[in-house]
Structure formats: structure tokens, C-alpha cells
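Asks: Coordinates only, no sequence provided:
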């Protein structure tokens, strides 16, 4: 009886370790610009060793495919740029991943934030109000179209508008693994919008320039914001 | 003794060399891969550094993850 019990315990422990390391590997794969599904191969004996070598020598999409990292910040190409597909042969099935961004007509997320603490629900984009409205549109790290709107008045709250993955803590939600639960804060800056990074794992950038910790940067109308792998353009409505 | 030496060299070649490349590519000092020589904890440390550290190579790039 004890044997069965300790056997179950060690099985649970082993599964927990596998899940933990799978999560670590997925993070690494994402950082290099690959789909997290590659990690499945890390649990196949022999294949994992081969994939480890392939990973070491492949041109990582995140490095622009050239292998040599460019040090100077680059201005992002057009927002509609396709995510670079993995350069490795024979990709495993990717049931959840969307290889190419769909046109923005389908599956558009519209999330109009209300005051902090209030219940927020996505709704249809209302007609333009008197106050200036802003729109963040683009694609998340998986190539899914994103469209978030908010009013200028929303920015005036003490804590501004928080962008993140956690719908219980963020006003504007980006359901993207590369986006931290609480990622960045948008606030009013004169007539415009300013952004600051909230110590996110993967950083926030304005027009390709990454923000330092604690830095608050103005976002020009039409400027491009990067949150993790999500790239969104801010436009005034 | 010969067995220990053999597995040591095998680890060095099969894991340390690619890991050296990976750390270098990510923008870290490739010497970090030598952490692997610490039994068990070294490998975990390498994985954690790569998974949670900011990669200098992608720092400041518009498509950083």
C-alpha cells in the first residue's frame, strides 16, 4: 500500500517537474522567436539532444535570421509584417498558433476600459464621444489582430490604464504569453499619451526604443508601441 | 574512473558546446555555459538564466520578446 502511495507521489512530482521545465523551455523558445510547440520535442529522448544542437546553430527569428545581433535599435517595419516562421524543418502541429495574421476584419477584440475596480467587459466600439478616443491596433505575438480603444478621460485616473495579460489587474488585456500579467501603464501627457513599463519580463518600446525601468515616454499619434511580442499602433480617433 | 571521465567528456561535447553557442547568441557571456559543470544545479541555473534573463542580443530591438 505504501509502495502505491509513494509511487503516485513520485509520479506527481515528476509530472510537475516536466511541466515546470516545459514552461522554462517555452519561454526560451519564445525569446528566440520560435513557437512554444517545439518544446514538445524536448521530451523525446535523442530527439531532444538533436534539437538542442539545431537550436544552438539555427538562425533565430528574433535575431533577424542573420545570427549576428544588431546593437542599434531598429525602427520596426510595418505593423502588418508577418511573424517570421520557424526556420527549422518539419514543424510539429500547432493547433493553437496562427501562422499568419488574419485581416483585422475577423476576431477583433474591442475592450473599452472603465474606471479601475469596475467590471470591464468587451463591447462593441461605440460611436465617437466628445472626448478624444484613442485606439491601439496591431497584432499580438501570435499574429492575432488586436484592437483596443480607450477614452482620453480614462488616462487621467491616478493609476492610468494598465496594459497586461491578467484581466483582473489590467484595464487593457493582451492575451499573449510574451506580455506580462501587468506589463505597462498608459497615462495622460498633456494632450497626448505617455507610457511606462511596469518591470515587465519582455519590455515595452516606443517606436522601437525600449524603455528603461521607471522611464515615462510620450507616444506620438501614430507611434508604434511594443509590449513583449505584441506590436500596436496608437492612433487618435 | 575511466567511466567518470568518459561521461564528463560526453557532457562537455554534447551539451556544453551548444550551450556555449546559445549563450553567445543570446548576447550573454558564453562563459556562463560553464555553469553546466556544476552537477544538476548548474544546468537548472542555465535554463533559468535563459528563460528569465533579459537577452542582451535582443535588447533594444523592436521585435524583442
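Replies: Perfect, thanks for sending it. Quantities reported herein were computed from a predicted structural model and do not represent experimental measurements. Numbering: from 1, shown residues only, chains lettered A, B, ... in the order given.
Asks: Distance of residue A:208 relative to residue A:32?
Replies: Note on residue A:208: its distance to residue A:32, by Cβ to Cβ, to the nearest Å, is 19 Å. Any C-beta I mention is one placed from the backbone N, CA and C, and that applies to glycine too.
Asks: Looking at those two, which one has more neighbours?
Replies: Legend: neighbour count by other Cβ atoms under 10 Å in any protein chain shown for residue A:208 and residue A:32, higher for residue A:32 (24 against 20).
Asks: how far away is that one from chain B?
Replies: 8 Å (Cβ to the nearest Cβ, to the nearest Å).
Asks: And the pLDDT for that residue?
Replies: Per-residue pLDDT puts residue A:32 at 89.
Asks: Residue 39: neighbour count?
Replies: No chain was given, so I picked chain A. Residue A:39, neighbours per other Cβ under 10 Å, totals 22.
Asks: That was the other one, I meant chain B.
Replies: 8.
Asks: Which of the three states applies to it?
Replies: coil (DSSP: H, G, I helix; E, B strand; the rest coil).
Asks: likewise residue B:47?
Replies: Going by three-state DSSP: residue B:47 is helix.
Asks: in terms of contact, does it touch residue A:21 like I think?
Replies: Yes: counting by Cβ atoms under 8 Å, residue B:47 touches residue A:21, with 7.0 Å between them.
Asks: Which other helices and strands does the host helix or strand of residue A:138 contact?
Replies: Secondary-structure assignment from DSSP states H and E places residue A:138 in strand A:133-139. Using 3 or more Cβ pairs under 8 Å, 6 or more residues apart in numbering or on different chains; DSSP states H and E, the elements in contact with strand A:133-139 are strand A:145-151, strand A:230-236.
Asks: mind checking which of those is nearest residue A:179?
Replies: Proximity to residue A:179 (Cβ to Cβ) singles out strand A:230-236 among these, at 5.9 Å.
Asks: Fine by me, we can end here.
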